[in-house]
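# Starting from these lines, generate the structure:
(chains A and B)
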Amino acid sequence: MRRLFLVSVLLLAACGTADQPSTPAPGGSGATTKIKLQLQWFYQAQFGGYIAAVDQGFYKEQGLDVELLEGGVDIVPQTVLAQGKADYAVAWVPKALASREQGAGITDVGQIFARSGTYQVAWKDSGISSAADLKGKKVGNWGFGNEFELFAGMTKAGIDPGKDVTLVQQQFDMQALLKKEIDAAQAMSYNEYAQLLEAKNPATGKLYTADDFSIIDWKNEGSSMLQDAVWANTEKLSDPAYQQQTVKFLTATIKGWAFCRDNAEKCRDLVVAKGSKLGKSHQLWQMNEVNKLIWPAAGAGIGVIDEAAWKQTVDLSQTTKNQTGDTVLTKAPEGLAYTNDYINQAIEQAKAAGVDVTGSSFQPATVTLEEGGV
Amino acid sequence: MRRFLAVLAGLLAAALVWEGYKAVGNPEGTVVFGVRVLPRADDLSMPHLWTIAERLGAPELTGGRPVWQVVLEACLFTLGITAVGFVAGAVVGLVLAVAMQRFRIVERGLLPYVILSQTVPLVALAPLIAGWGGTIMPAWATVSVIAAYLAFFPVAVGMLRGLQSPASAGVELMRSYAAGWWRTLVKLRFPAALPYLFPALRLAGAAAVVGAVVGEISTGTRGGIGRLIIEYSREATSDPAKVYTAMLGAALLGLLVAAAVTLLEVPLMRHRRHVEVVTL
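Predicted coordinates:
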């Protein structure tokens, strides 16, 4: 048996060593720069633009060899970035700002998602349709900094999140809402909400439909915060080489997201090919919903940080108290928290290459979800 | 044969309890004074065993491989990680135990830290170790490190106890033979420690499995059963049986490791009679 263990050790060791030379190989010529991008979670259409930019060679065109690092339960992208274990990271703005306040030297260089995708979902017959209706209800939330839009929304509606509602820590799935253990559940438009629509209603034997649920969309309640953004290392941004690299990286990223806007199904296939365990119809739904958060891009184009939205995010982060009375931020962000310098250059370059950077004619598709999202 | 039947009976009993509870349990669960004392028995919380079996046979995704294949492959992947972690942890534990037995000062200085090491939450440790992936070691090896970190502890403590177990009569006898430390270790202390080593190894095996599964979950390392559990649990809303297939896989992994450790005893326990003589 000991020999068997030894064999498996050697076997694994062999796999390890065999893998290593093949990783830098795709770079080919010595001119490419190796770059690591830390994602927030497993491969899914939420990161479709980056996956497409790798697969379609957009990064390579810019002389970049980008490696995507998947997230995990205990992986905090902005921390990985601040520690120098990645060159760029994708993270939600409030959470990244909180890390920043604790000393992480990071800067938002591209606000890819212009809009928030967070919903609070309730049963239609529960009569909950706005934040004010949550009073006295059991309200599910994810915690860990993902709950602040909900708290801000409730505070705005005159509800004290610490006293007027029963807060329930939500799991990864939406079972608690389906079992009516909670009255309203937190959900991302592109993920958990779709899971509800992929579940079978035992009463009818058919899938639940959008008519069964009512949605509180924080965009309409004025408590939405900025989400997925590309963060760079602040200290390195003073280095002209890193500055140039950032522009190149953003240019290719813009191309990737434009590709996913125009080829949602192809992008879905790329994500599925990456080994995502979520099904095809679920990923197409996610791709479509994510596109809605990006396109059409107001102003100069995709990724430009809108001052008003930034201010709203920062203000809410400073004023909204969670159940323990803490705010996300104790003071306004200091130093270079965000900059549009690089994204503006990247937009110019993308435009020069014939990329539609605003997607003003974007029309979302209608995606039919199937049971289990397969 | 009797053993096999006993295992079968155990499985059958577990299945009966599951389905029996589903048959009589309240689908809404039992809540006493606002505290849930019994789980819900509805299909969303506890799918029928045949639904789970059916799910094992059905493709993971449209046109994909059946779930049982995916789960089995993930089990094998994690088994490899566990094996590496277990061996590394056992070796580290052995070395520490020998060092602590040899030098009293090491025991006094090190043992508190060995115990302290197990109170560090994995949540704090995992991101730190995950950062090593891709630089000084492949990503899967970081999970092995976590498994080893949990596995070394029972071996170090158990083995130390075992190495110290020979009666002073035995040690004095060795000394009268003019046997040095090394000789005493090999001829007396190691054989005497074997009965202590095997329970420690079993604990280490279980710890290595837990470490590997939890390590995969927290570092997001793909390919293993831990990752599969978390990926499938996201789909629990619409496909509750799928989560249980991954959990079955994890249970199978635990059994495999336990069996492997038991097999490890067979060749080494031939020394057992020696031990009894020496320690008398």
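
# Spit out the contact partners of residue 92.
Since no chain was named, I'll use chain A. Contact analysis of A:Trp92 by C-beta atoms under 8 Å, 6 or more residues apart in numbering or on different chains lists A:Gln40, A:Gly145, A:Asn146, A:Met225, A:Leu226, A:Gln227, A:Asp228, A:Ala229. For every residue, glycine as well, the C-beta is placed using N, CA and C.

# Chain B, not that one
Shown in contact with B:Val92 (C-beta under 8 Å, 6+ apart): B:Ala148, B:Phe152, B:Val155, B:Ala156.

# Look up the closest residue to the third one, ignoring the ones flanking it.
In space, not counting the residues next to it along the chain, B:Val155 is nearest to B:Gly93; the distance is 2.8 Å by C-beta to C-beta, 6 or more residues apart in numbering or on different chains.

# Which ones among the contacts of A:Trp92 map onto strands?
A:Ala229 (DSSP state E).

# would TSV of the contacts of A:Trp92 with pLDDT, distance to A:Lys266 and neighbour count be doable?
As requested, the contacts of A:Trp92 are exported to TSV (pLDDT from 0 to 100; distance: C-beta to C-beta, whole Å; neighbours: other C-beta atoms under 10 Å in any protein chain shown):
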residue	pLDDT	distance to A:Lys266	neighbour count
A:Gln40	93	23	21
A:Gly145	78	34	17
A:Asn146	85	30	17
A:Met225	95	31	25
A:Leu226	96	28	25
A:Gln227	96	24	26
A:Asp228	96	21	23
A:Ala229	97	25	22
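
# now, among the contacts of A:Trp92, which is nearest to chain B?
Closest approach between these and chain B, by C-beta to the nearest C-beta: A:Gln40, at 10.3 Å.

# The closest one contacts A:Val90, correct?
Yes. Using C-beta atoms under 8 Å, A:Gln40 is in contact with A:Val90, at 5.5 Å.

# so what sits against both of the two?
Shared contacts of A:Gln40 and A:Val90, defined by C-beta under 8 Å, 6+ apart, are found at A:Phe47, A:Pro77, A:Asp228.

# Can you narrow these down to the ones near chain B?
Among the shared contacts of A:Gln40 and A:Val90, no residue lies close to chain B (C-beta under 8 Å from any C-beta of the partner chain).

# Distance to B:Gly34 for the residues you listed - can I get that in CSV?
Listed next are the shared contacts of A:Gln40 and A:Val90 as CSV, based on distance: C-beta to C-beta, whole Å:
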residue, distance to B:Gly34
A:Phe47, 41
A:Pro77, 38
A:Asp228, 39
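
# ok, so of those, who is nearest B:Ser233?
A:Phe47 (20.1 Å; C-beta to C-beta).

# Domains in chain B, by residue range?
Following automatic domain parsing, one finds the domains of chain B at B:1-46, B:47-279.

# Disregarding flanking residues, what is the spatial nearest neighbour of B:Ser117?
That would be B:Phe153: by C-beta to C-beta, 6+ apart, it lies 6.8 Å from B:Ser117.

# which helices and strands sit right next to the helix or strand that contains that neighbour?
Assigned by DSSP states H and E, B:Phe153 belongs to helix B:139-163. Counting contacts by 3 or more C-beta pairs under 8 Å, 6 or more residues apart in numbering or on different chains; DSSP states H and E, helix B:139-163 packs against helix A:2-22, helix B:67-102, helix B:104-117, helix B:122-130, helix B:190-219.

# Who are the contact partners of the one residue sitting closest to the centre of chain B?
The centre of chain B sits closest to B:Ala206, judged by C-alpha atoms, centre = their mean, with a distance of 1.8 Å. Applying C-beta under 8 Å, 6+ apart to B:Ala206 gives the contacts B:Gly254, B:Val257, B:Ala258.

# And the residues you listed, which of them are buried?
Among the contacts of B:Ala206, those buried by neighbour count (16 or more other C-beta atoms under 10 Å in any protein chain shown) are B:Gly254, B:Val257.
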